Every structure is written in structure tokens, then in C-alpha cells.
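J.: Build me a model:
(2 chains)
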There are 2 protein chains.
Amino acid sequence: MKLADVPTPALVVDAPIFAQNVATMAAALPGPRLRPHVKAFKSTALARRLAETGHTGFCCATVREMEGMAAAGLGQDLLLANEVLDCTRLGVLAHTARITVAVDSDQTLDAAVAGGVREVLIDVNVGLPRCGCDPADAGRLADRARALGMAVRGVMGYEGHLMREPGETKQAKVEASMAQLLAAHEATGGDVISAGGTGTYDCNPWATEIQAGSYCLMDTEYVPHAPAFGNALSLWTTVISVHPGGWAVLDAGLKALGMDHGDPTVVDAGDCWFVSDEHITFGTKAERPVAVGDKVRVLPAHVDPTVALHERMLLVEDEDVVDTWAVDLRGW
Amino acid sequence: MKLADVPTPALVVDAPIFAQNVATMAAALPGPRLRPHVKAFKSTALARRLAETGHTGFCCATVREMEGMAAAGLGQDLLLANEVLDCTRLGVLAHTARITVAVDSDQTLDAAVAGGVREVLIDVNVGLPRCGCDPADAGRLADRARALGMAVRGVMGYEGHLMREPGETKQAKVEASMAQLLAAHEATGGDVISAGGTGTYDCNPWATEIQAGSYCLMDTEYVPHAPAFGNALSLWTTVISVHPGGWAVLDAGLKALGMDHGDPTVVDAGDCWFVSDEHITFGTKAERPVAVGDKVRVLPAHVDPTVALHERMLLVEDEDVVDTWAVDLRGW
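T.: Okay, here's the model as predicted:
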């Protein structure tokens, strides 16, 4: 099928840009140096491409993602890099896949034990106000986990507050953040120091593995902070209305785009004015008139919540649809 | 099942508030005076409640919504209140349901004819920079539609730019906007003058039917502009991490919440700091400490894109789950 014939709105992946993004990352962080984060693309088909590139351990953010990855045969080493208080479904998975879950409190550790999970990482707060125990508490949690019969694989800590730090100060701030994680690791033991993301993949040599996911598809907000990677993801839309007052309307809106990072970018045709549930209104340009029926490419501002709104992504090369990837890891 | 036992995150509807919202609207706009807009809730189960209340004609924003409503036996009078350039699927539906589609250009009219749709409304721009023809062009489009063998049911025009207008000026501005629609209707003929929304349901007596949908479930952004209706919709979450630094983390985030109207409201437990893909970080209050495992209610800022992220809604009364409504109209 030709891209021009695809019903809109459709989420589209530029195959060459995607391949280049994957190759760039695999060259920098080959094989197990990268633990790709599934939350950024929620697709086992895409994850399989990464596994074929040598990254066979994955991060997930939800139990549903863990289940889907295991069911797809991608369960060689799955880390739920998130806290969860009911580990029953993870315990079931642990019979057929290698399952590790992050814990940052007695309650989440107890949940892992009760659910039948056998391996944990101690999640350590390294500066982002979100999950993770105080670094000083990591050793105690690890000791308690081992006393309860768990294997402690090491630590994780997400320096998410530094992903958009200017280049000249990023490395130093990441080093200070990782110093907290390394101190915690001294106390916990284990082989794994898991951290990082697309914004710090090239300036975090302290982690044994980097949890990057956005790099595969990217978005307009992230490109300035990780310029080695290109926008592979776009929304393919149709102009459904053109007004002589200087605007036109596309057939995609809030239900097709994650909006927390702001408006999407209308490529070439004009400037986004506002987004409604099923519409994008954009200002047209006299030098580039559009007509009803024209196809327009739109770049999302945030990849993760955009993908979560779609049932599938179409892989496109030279205007041909060459594959369809189900977004099969949505929900919880 | 008790609400306390529901796996989180879960989208929850307060049954008494929902019932009150529906009753309030049905009293103001009984039966066919209201054409509920399905895009706000995307659920045939919820739509069926409205049909039982007497509102048997519905608006949709997507072809998928039209198909789902017809398949659910709710196809007595379905209006696609949106422009579409491939009406093939609508033409198929027209054999089993009453299908009307909005048109605002020769191209969208031609698409309706080509797809086998037999009834149209002329969509007129009444001030919101989005779809709709110039009011002066409505008569020409209607004449052309009839010449092509279509039935022209009348006009529609959405005064969406006035939904949040202050009360003291809203009525006058709606009147001016509707004057454009009435002038267009003079030129088109037909029985239907379809307009309005939850924000103007009580100050638009010019339309023969009002296209409101948000009133059923509501959101924090809309309540000040339509105070007759209450927040029936909330997200049910669990505290997964508590930090001594003064914050805690909930197990729901950008993939569970439409964010275009800003952050959600964390009920009672604290103030939302920021939302990540699968987390809400909120500032805790000394006078109301939270513990890992506590359940917290969160109010979305925008109902429509929030619902579109979920597979189901749970109807809850007195902390009991009394029904499950599939969100079965997602996608396109």
C-alpha cells in the first residue's frame, strides 16, 4: 500500500530514520549496555527489532507491558522499572520469563515477595522527585530482600531531571547524580547499575546499562536534547476543511496526540493554531496553499503518550507502507 | 466488587453524579432537543443510558463512533458532525441505520455522494476557526446537494469559541453567532438547526437541537463554565512511593489523562507537582500524611481525551462497582 492511500489519521514510522536511530544507539551502547524502555513505543514488533540488534533485556513501566513482552517471546530479561503493589501477575510470568521488579520501600518489597517474584532491583532516588528510596536506605532494603529470599540484582536510579540539561553542565550533573547511585550500589551489591535515558545515553558511563526508549521514534520536544536521533514518528493526516479566512483543518487532534509537551508541528503546510478533540486548526501560508484532501504530516511533541493513543504504527519507506506494528502493550 | 479492590489505575464514574447530570440536562433539553455527542465518552453503554432517557439521536466525531453506535442498535438518527473525505464506510452503514454527515465544501459533499450517504447537514462556520463553510455559501451547497440527489436536513454550526465566555456576555454572543446560522438556514431549508454544547446548552434557544456531551462526565476545566453539572469522572489510583522530602507518587500518568487542559487535580491528598508517563508526583501535606498503598482519587482536566486512553469505565455507587462500561468507540 502507498502512504497516500492510507486512511487517516495514522501513526507512521519513517523506516530509514528509525533504522538510523537504532544503529546510532547500538554503536554507542551495544548489546546489554542498553536496556531499551518499552514504554516509549509499546510495541512488541518494534521491541523485536531491538532484540535482533542485540538488546535482549528490556525495561517496562507497566505489568501489561511485562506480560506482552513475555508472551511475545521477549522475556529473556524483563525489568519492571516501576513500583507495584500487586505482583501476582508478575509472579505468574516468572515461571516463563526472567522477571525483575524495582522496589523502593518495605511495602513494595513485601508485594514482590507475596506475588512470587524472585529478583529485585533497589530503586534509588537520584534527584528527580519521583520514585526511589533515599540512597542511604538502599543497603537496608537489599539486606531485607535477601533475608526474605530474594535475589538482589543491584540498583536503578533515573536522572530524569537532567535529560534536558544544557550540554556544558549535563555531564557534571549526571556524575553527581550517579555518585548517589554508586554509593547505594556499594551497599546493595549485585551486578546491575541501571539508569539513564535518551537524554543522557552518551554522558553516563557509570551505569552498567542505560534505560533509553525515546531514541527509537523521537519527538519534537526531545530532538534538541538528543540531536543524534531524528524524528521517525509522525501523524499522517488529511486536510478536511479550508477557510478563506486563512486557516485549514486536519482530521486528527487530541485523541491522536500526547499534548503535555505542547502543540504538534504541522510540517510545511502552516503553523498549528490549536488542537481540538478530532481536529488541528493551522494557519495557512499564501505561498503554499492547501486544498481539501491534501495529506499533511504532523510531528508529535511527545512520543510516549502519542503512541499510547493508537492501535498500530505503519512503517513507511519511500512512500510505501512496508510493515504494520501493532501497539499491543497499551493499558495496564 | 468494592472500589477499594479495583486494580489501578482505573477510570471511575460516580453513578449518582452521572445520574444527576443526565437528569439535569434531560429536564432542560428533553428528548430530541438534545443530540448527545458521543465523542465525550466513546461508550455505547453510556449512550444507551441517554437513549433510555429519551435522547435517541446522537452526534459522532469519527466514522468508528458511527459504526459502533449502529452496531449497538443505537442508529436511529446518527449525525457525523465532522467532515470526512471517504464516506464508503458510512454508505455501508446507511443500509441499517439513519446516517447524516456534515459537509462544508464541494469536496466533502462529493465524498458523501460517492460513498452512498443519502442525507447531509450543511456545516456552517459561526465564529470558531475550524470547519464549516462561510454562511453565505450554505445555500449554494444545499442546492448543489439536492441537485445531486441528497436530502438536506438543515444546518449545523458549533459556537465552541463561546463555551467559556463569561455569563454576562455569553447569551448575547451566542445570539450573534446563531444569527449567522439562522441566516444560513434560511438559504438551505431543512428541519434541523444543530448547534451548541455543554457550555451553551442553557443559552441557545435558536438551535432546534444541542450537541452536548461533556455534561455527562465533566472535568475540572469545564465545571466553572457549566456549574449545573458535577465531576462524575475520576481516575482511581494507588500511592506507590512516599518520599520524606515531601512528595508521593501515584500509579497513573500521561497515558491515563488528557493533558491539553493542564494538570489533573489530586483530591484531598495533596497538590499535583507534575505528571510523567505512568506517574503523578504530588506534594504531600503534613496534616494529611499518605502511605504506600493508599488509594487516591484524581480528577482529569479534560474528559474527552482522558476517556480515549482507557479500555473501560467502572460505574461506582457507595464504593461498590455496579457496572463496567467498555470504551468501545476508540480509534478511527
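
J.: residue boundaries of the helices in the stretch 151-300 of chain A?
T.: A:167-188 (DSSP state H, counting those that start in this stretch).

J.: What parts of it come near chain B?
T.: Applying CB under 8 Å from any CB of the partner chain, we find that the stretch 151-300 of chain A lies next to chain B at A:160, A:238, A:240-245, A:247, A:249, A:251, A:254-255, A:258-260, A:273, A:275-279, A:281, A:291-293. C-beta: built from backbone N, CA, C; applies to glycine.

J.: could you flag which of those residues are buried?
T.: Using 16 or more other CB atoms under 10 Å in any protein chain shown as the burial test, those include A:160, A:238, A:240-243, A:247, A:249, A:251, A:254-255, A:258-260, A:273, A:275-279, A:281, A:292-293 as buried.

J.: Inside strands: which ones of those residues?
T.: Among these, DSSP state E puts A:238, A:240-243, A:247, A:249, A:273, A:275, A:281 in strands.

J.: Next, format the residues you listed as JSON lines and append pLDDT.
T.: Shown next, in JSON lines, are these (pLDDT from 0 to 100):
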{"residue": "A:Thr238", "pLDDT": "98"}
{"residue": "A:Ile240", "pLDDT": "98"}
{"residue": "A:Ser241", "pLDDT": "98"}
{"residue": "A:Val242", "pLDDT": "98"}
{"residue": "A:His243", "pLDDT": "97"}
{"residue": "A:Trp247", "pLDDT": "98"}
{"residue": "A:Val249", "pLDDT": "98"}
{"residue": "A:Trp273", "pLDDT": "98"}
{"residue": "A:Val275", "pLDDT": "98"}
{"residue": "A:Thr281", "pLDDT": "98"}
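
J.: any idea which of those is closest to B:Glu209?
T.: When those are compared for distance to B:Glu209 (CB to CB), A:Ser241 wins out at 21.9 Å.

J.: Across the sheet, point out what pairs with that closest one.
T.: Under DSSP bridges, the beta-bridge partners of A:Ser241 are A:Val249.

J.: wait, doesn't it sit right on A:Asp251?
T.: No. Applying CB atoms under 8 Å as the test, A:Ser241 and A:Asp251 come out as separate, 9.2 Å apart.

J.: Find residues that contact each of those two.
T.: Counting by CB atoms under 8 Å, 6 or more residues apart in numbering or on different chains, the shared contacts of A:Ser241 and A:Asp251 are B:Glu83.

J.: How is chain A divided into domains?
T.: Per automatic domain parsing, the structural domains of chain A span A:3-11+A:230-326, A:16-216.

J.: how about the ones you listed, which one is nearest B:Ala4?
T.: Of all those, domain A:16-216 comes closest under CB to CB, at 12.6 Å.

J.: Any idea how far the closest one is from the middle of the chain?
T.: Relative to its chain's centre, domain A:16-216 lies at 12 Å (CA atoms, centre = their mean, to the nearest Å).

J.: so how far is the first residue of it from its last?
T.: Start-to-end span of domain A:16-216 (CA to CA, to the nearest Å) is 11 Å.

J.: and what of stretch A:226-244?
T.: Start-to-end, stretch A:226-244 (CA to CA) is 39 Å.

J.: Just checking the distance from that stretch to the centre of its chain.
T.: On CA atoms, centre = their mean, the centre of stretch A:226-244 falls 20 Å from the chain's centre.

J.: and A:Val126, how many neighbours?
T.: 25 (other CB atoms under 10 Å in any protein chain shown).

J.: centroid residue for chain A?
T.: Residue closest to the average C-alpha location in chain A (CA atoms, centre = their mean): A:Ala40, at 2.1 Å.

J.: what's near enough to touch the residue located most distally from the centre of chain A?
T.: Farthest-out residue of chain A from its mean C-alpha position, per CA atoms, centre = their mean: A:Pro244, at 40.7 Å. Going by CB under 8 Å, 6+ apart, A:Pro244 touches B:Asp134.

J.: which residues of the stretch 1-150 of chain A score low on pLDDT?
T.: For the stretch 1-150 of chain A, no stretch is flagged by pLDDT under 70.

J.: What residues does it have near chain B?
T.: Proximity of the stretch 1-150 of chain A to chain B (CB under 8 Å from any CB) is limited to residues A:7-9, A:39, A:61-62, A:82-86, A:104-105, A:107-108, A:125, A:129-132, A:134.

J.: what's the neighbour count on A:Val113?
T.: 18.

J.: mind listing the strands for the stretch 1-150 of chain A?
T.: Applying DSSP state E, counting those that start in this stretch to the stretch 1-150 of chain A gives strands spanning A:10-14, A:57-60, A:77-80, A:99-103, A:119-123.

J.: Distance to B:Ala142 and mean neighbour count added to those strands, as TSV?
T.: Output for the strands of the stretch 1-150 of chain A, formatted as TSV (distance: least, CB to CB, whole Å; neighbours: other CB atoms under 10 Å in any protein chain shown):
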stretch	distance to B:Ala142	mean neighbour count
strand A:10-14	33	22
strand A:57-60	55	26
strand A:77-80	58	24
strand A:99-103	62	29
strand A:119-123	63	27
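
J.: Of all those strands, which one is nearest B:Ala226?
T.: The closest of the strands of the stretch 1-150 of chain A to B:Ala226 is strand A:10-14. By CB to CB, the value is 33.0 Å.

J.: helices or strands next to the closest one in the packing?
T.: For strand A:10-14, the elements it packs on are strand A:233-243, strand A:312-317, judged by 3 or more CB pairs under 8 Å, 6 or more residues apart in numbering or on different chains; DSSP states H and E.

J.: who's in contact with that strand?
T.: For strand A:10-14, contacts defined as CB under 8 Å, 6+ apart pick out A:3, A:6, A:217, A:230-236, A:256, A:297, A:306-307, A:310, A:312-317, A:325, A:327.

J.: In contact with the nearest residue to A:Asp323 once chain neighbours are set aside, which residues?
T.: Of all residues not flanking A:Asp323 in the chain, A:Leu315 sits nearest, at 4.0 Å (CB to CB, 6 or more residues apart in numbering or on different chains). A:Leu315 makes contacts with A:13, A:15, A:18, A:321-325, as judged by CB under 8 Å, 6+ apart.
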